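**Student:** Here is my input, please return the structure:
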Amino acid sequence: MALILKNHALRMLLLLCACGPAVVAAQAPSGSGFRSLRRRHGAHSDHEARDELDCTASGVDDWNTKLHIGAVFIVLVVSGIGSFLPVLGYYVKRLHIPKMALTLGKFLGTGVIISTALIHMLPDGAEALGSPCIGGRMGSYGGWPGLLAILAILAMHMLEFLLSAHAMGQHSHSHAMDQHSHSHAMDQHGPSHATPGQLEDQQHGPAAQQSEGLSESSSAVAKPSFSPDCDAVAVHTHHTHVHGLSFIDEGRATHASTYILELGICLHSVIIGVTLSVTTGTGFTTLLVAICFHQLCEGLALGSRLAQMQYKKNAFLRASISAAVFMLITPIGMLIGIGVRYSYQPNSPAALISMGVLDSLSAGILLYTGLVNLLAEEFGSLEFRSFGLSKKALCFIATYIGAGIMALIGNWA
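**Tutor:** Numbering: from 1, shown residues only. Purely as a prediction, here's the structure:
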């Protein structure tokens, strides 16, 4: 138990360390807010835009203490509902949540993650890094957001490759030891001297019958059955001994991809929280409502993934800790924004670069996770292929709805 709490505390510390750059990013507006500034001023040149945007402006006007503090608890509750609902529905049987509802929530989350990466994160990163207030600090190269996203994608691919190679190495070593033990046992217990009578009995005994049964079924194709708890699947036939690559240490790969997904979501959530806390006026209420829907959808996406993870020990505790991290991370960002509101510089180069880099990297993480570990994996799983036509159609529809909802929310947040 202590080791589990220690591991989760370490992951929490790493996520909180990611909040450090967000303190600097707190001086930058949200992507949608920055886009509205560009449209409102309509500058015709970078020099004019820099003058009109007032790159040295600081401080927040008309800041409502009660409203902003209350918003912290509102976002906390909404984020908790989103992340804990699938986990509780899976582990607390008395809630009587249908298994198909949890499955559809998982597919809806796939669409949410992909849409979040392409509509919320990458455009915001491009707007921040393309701000005229940055000047020539980023050089004349205009592809920084895409480049950073690609670097994150390639880093995620390399990380998963190394994890898979490590898992395959352990599995191959274990299988070799099993073969050696089996061969040694046969040498010890096998017949060293056999009389003609014994040989005749062996020819007509169970071994001969098994051989006949195998020869009769040698043309049959072995079909592995789906088991969510299995870490590895071995398919044995008369002539083959096949280990599916995608089945090797599947549980560990799922855990790694889920934690990577949570990291990308949490990095973006910190920025969202900071942005909300330094927003004032009539735009605050609109942004608060949009962010609540945003957190609810992302929480459902992550919670559905956490609920499907197979732990050997303390499964509910581990899933709950991960859900709690998501629930707390946006309010933490909001508290950071509240703390720096008086030194708020919306268009400082350091703030814009920090926010642009974090958003672009987060977009790459979520895009890789959404396409490779969620979309391709879920729709290619044995569980999905075992569904009937109507269930498959519902899964497709849920994915499209999730993507559509986040695309719509992108108009406000």
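**Student:** if I look at residue 147, how far off is residue 363?
**Tutor:** Distance of residue 147 to residue 363, computed by C-beta to C-beta, to the nearest Å: 12 Å. Just so you know, the C-beta spots here come from the backbone N, C-alpha and C atoms, and that holds for glycine as well.
**Student:** surely residue 82 meets residue 294?
**Tutor:** No. Assessed by C-beta atoms under 8 Å, residue 82 is found out of contact with residue 294, at 9.6 Å.
**Student:** Among residue 147 and residue 363, which residue is more densely surrounded?
**Tutor:** residue 363 (30 against 13; other C-beta atoms under 10 Å).
**Student:** Can you point out the buried residues in the host helix or strand of that one?
**Tutor:** Taking DSSP states H and E as the criterion, residue 363 maps to helix 349-368. Neighbour-count burial for helix 349-368, counted by 16 or more other C-beta atoms under 10 Å, picks out 349, 351-368.
**Student:** Against which helices or strands is the helix or strand just after it packed?
**Tutor:** Next along the chain after helix 349-368, taking DSSP H and E as the criterion, comes helix 377-379. Contacts defined by 3 or more C-beta pairs under 8 Å, 6 or more residues apart in numbering; DSSP states H and E place helix 377-379 against helix 99-115.
**Student:** got the buried residues for the helix it packs on?
**Tutor:** 102-115.
**Student:** Please put the alpha-carbon coordinates of that helix into PDB.
**Tutor:** Extracted in PDB, the C-alpha atoms of helix 99-115 (Å, rounded to 0.1, in the frame of the first residue of the first chain):
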ATOM      1  CA  LYS A  99     -21.400  -2.100 -19.000                       C
ATOM      2  CA  MET A 100     -22.400  -0.900 -22.500                       C
ATOM      3  CA  ALA A 101     -22.700   2.600 -21.100                       C
ATOM      4  CA  LEU A 102     -19.200   2.500 -19.800                       C
ATOM      5  CA  THR A 103     -18.000   1.100 -23.100                       C
ATOM      6  CA  LEU A 104     -19.800   3.900 -25.000                       C
ATOM      7  CA  GLY A 105     -18.200   6.500 -22.600                       C
ATOM      8  CA  LYS A 106     -14.800   5.100 -23.500                       C
ATOM      9  CA  PHE A 107     -15.400   5.500 -27.300                       C
ATOM     10  CA  LEU A 108     -16.900   9.000 -26.700                       C
ATOM     11  CA  GLY A 109     -13.700   9.900 -24.900                       C
ATOM     12  CA  THR A 110     -11.700   8.900 -27.900                       C
ATOM     13  CA  GLY A 111     -13.400  11.500 -30.000                       C
ATOM     14  CA  VAL A 112     -13.000  14.100 -27.200                       C
ATOM     15  CA  ILE A 113      -9.300  13.600 -27.000                       C
ATOM     16  CA  ILE A 114      -8.600  13.800 -30.700                       C
ATOM     17  CA  SER A 115     -10.800  16.900 -31.000                       C
END
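**Student:** Was I right to think residue 333 contacts residue 270?
**Tutor:** Yes. Counting by C-beta under 8 Å, residue 333 does reach residue 270; the two are 3.9 Å apart.
**Student:** hang on, isn't residue 149 packed against residue 367?
**Tutor:** Yes. In this structure, residue 149 is within contact of residue 367 by C-beta under 8 Å, at 6.6 Å.
**Student:** Name the residues contacting each of these two.
**Tutor:** Common neighbours of residue 149 and residue 367, counting by C-beta atoms under 8 Å, 6 or more residues apart in numbering, are residue 122.
**Student:** ok but residue 121 is inside a helix, no?
**Tutor:** Yes. Residue 121: assigned to a helix according to DSSP: H, G, I helix; E, B strand; the rest coil.
**Student:** Quick check, pLDDT for it.
**Tutor:** pLDDT, residue 121: 91.
**Student:** Next, the contact list for it, please.
**Tutor:** 268, 359-360, 362-363, 366 are the contacts of residue 121 under C-beta under 8 Å, 6+ apart.
**Student:** let's see it at 7 Å
**Tutor:** Each residue near residue 121 by C-beta atoms under 7 Å, 6 or more residues apart in numbering is listed here: 268, 359, 362-363, 366.
**Student:** Report the two of these separated the most.
**Tutor:** Spanning the widest gap among the contacts of residue 121 are 359 and 366, at 10.5 Å by C-beta to C-beta.
**Student:** so how far is residue 380 from residue 107?
**Tutor:** Going from residue 107 to residue 380 by C-beta to C-beta gives 13 Å.
**Student:** Check what pLDDT residue 204 gets.
**Tutor:** As predicted, residue 204 sits at a pLDDT of 49.
**Student:** again but with residue 219, I slipped
**Tutor:** 42.
**Student:** Kindly report the same for residue 179.
**Tutor:** The model's pLDDT for residue 179 equals 57.
**Student:** same check, this time on residue 316
**Tutor:** 91.
**Student:** Around it, count how many other residues there are.
**Tutor:** By other C-beta under 10 Å, neighbour count at residue 316 equals 14.
**Student:** can I assume residue 297 is in contact with residue 112?
**Tutor:** Yes. Counting by C-beta atoms under 7 Å, residue 297 does reach residue 112; the two are 4.7 Å apart.
**Student:** For the two, list the residues in contact with both.
**Tutor:** Common neighbours of residue 297 and residue 112 (criterion: C-beta under 7 Å, 6+ apart): 402, 405-406.
**Student:** Now the buried members of those.
**Tutor:** 402, 405-406.
**Student:** Which stretches in this structure count as strands?
**Tutor:** 234-236, 241-243 (DSSP state E).
**Student:** With distance to residue 307 and pLDDT added, can I get the buried ones among the shared contacts of residue 297 and residue 112 in a markdown table?
**Tutor:** Shown next, in a markdown table, are those (distance: C-beta to C-beta, whole Å; pLDDT from 0 to 100):
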| residue | distance to residue 307 | pLDDT |
| --- | --- | --- |
| 402 | 16 | 94 |
| 405 | 20 | 94 |
| 406 | 20 | 93 |
